[in-house]
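here is a sequence with its predicted model. Questions after.
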Amino acid sequence: MDPKALQKIGCGVYLVCARKGDRFNGQIANTVFQVAAEPPTIAVSINKKNLTHEYIHDTKLFTVSILSKETPLPFIGQFGFKSGREAEKFSGVSYRLSQSGVPIVTDHTLAYMEAKVIQEVDVGTHTVFVATVTDAGMLVETEPMTYSFYHEIKRGTTPRTAPSFIEEKRPAPAVTEAKKEAVPPMTKYICKVCGYIYDPAQGDPDSGVKPGTPFESLPDDWMCPVCGAAKDQFEKVKE
Ligand code: FE
């Protein structure tokens, strides 16, 4: 079986939020999809280890923010790689409350919905929550982020708790002989926390780091754009 075939399934990048008492939590999900039209019904797959899972299971409510193509990596990292048990994910983030009081994140969001769970399907590591949409709205007319765009263009990574996580070694890009001579070798570094690879040739434009900046020249307070890990959490990529 070639697991790469499964990566060809079209997925988006969504922010799923839930509330328990006066506590909010949110996480990135790539598996939100509409499963019926009348009444409008959606499904989302959430890892049982995630705090959001506990909140949705207990309250039967969640919201979904559909993220725009321009969403910066650090924003996705804030919700995708940090556990709500450790991080205050909503600090500095704009949100409003749904009719049921669940946070709807509005930053980088083009459309949102609120849903009430009608069924839970146990799929081992994850639960698929099937839910009726109780409210929905458009915020901005722009293109949604797709999972392949996130991976290929934004060079984002997949947390181990995502349903689509596949353990893989990234192949080193082919370097032509001519390029080798013209460009001094610049070593790539990988984040030991999330697997993001800093490529000096591309820099980190979301954080204002220009292409061509060696890892060694990054400021000491530079952080992994995906998960926020410190610079000392990176190691050289062996090529
Ligand atoms: Fe990282």
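Received it, and whenever you're ready, just let me know what you need. Small disclaimer: the values here were computed from a predicted structure and weren't measured.

can you pull the residues of this protein lying near the ion?
With C-beta under 5 Å from the ion as the criterion, the chain meets the ion at residues 191, 193-194, 196, 224, 226-227, 229. In this view, the C-beta of every residue, glycine as well, is placed from N, C-alpha and C.

drop anything exposed from the residues you listed.
Using 16 or more other C-beta atoms under 10 Å as the burial test, the residues of the chain next to the ion include 191, 193-194, 196, 224, 226-227, 229 as buried.

can you add secondary structure and pLDDT and give these back as JSON lines?
Below are these laid out as JSON lines (DSSP: H, G, I helix; E, B strand; the rest coil; pLDDT from 0 to 100):
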{"residue": "191", "secondary structure": "strand", "pLDDT": "86"}
{"residue": "193", "secondary structure": "coil", "pLDDT": "76"}
{"residue": "194", "secondary structure": "coil", "pLDDT": "78"}
{"residue": "196", "secondary structure": "coil", "pLDDT": "84"}
{"residue": "224", "secondary structure": "coil", "pLDDT": "86"}
{"residue": "226", "secondary structure": "coil", "pLDDT": "77"}
{"residue": "227", "secondary structure": "coil", "pLDDT": "76"}
{"residue": "229", "secondary structure": "coil", "pLDDT": "80"}
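
which one of those is nearest residue 81?
The closest of these to residue 81 turns out to be residue 227 (C-beta to C-beta; 3.7 Å).

list the residues that contact the closest one.
By C-beta atoms under 8 Å, 6 or more residues apart in numbering, the contact list for residue 227 reads 77, 80-82, 191, 193-194, 196.

what's the first helix or strand after the helix or strand hosting residue 75?
Assigned by DSSP states H and E, residue 75 falls within helix 73-80. Using DSSP H and E, the next helix or strand after helix 73-80 towards the C-terminus is strand 95-97.

which other helices and strands does that next one contact?
Helices and strands touching strand 95-97, as assessed by 3 or more C-beta pairs under 8 Å, 6 or more residues apart in numbering; DSSP states H and E, comprise strand 103-105.

which residues are in contact with the strand it packs on?
For strand 103-105, using C-beta under 8 Å, 6+ apart, the contacting residues are 15, 17, 19, 24, 26, 63, 65, 90, 93-98, 112, 114.

of these, which is the most crowded?
residue 15 (30 neighbours; other C-beta atoms under 10 Å).
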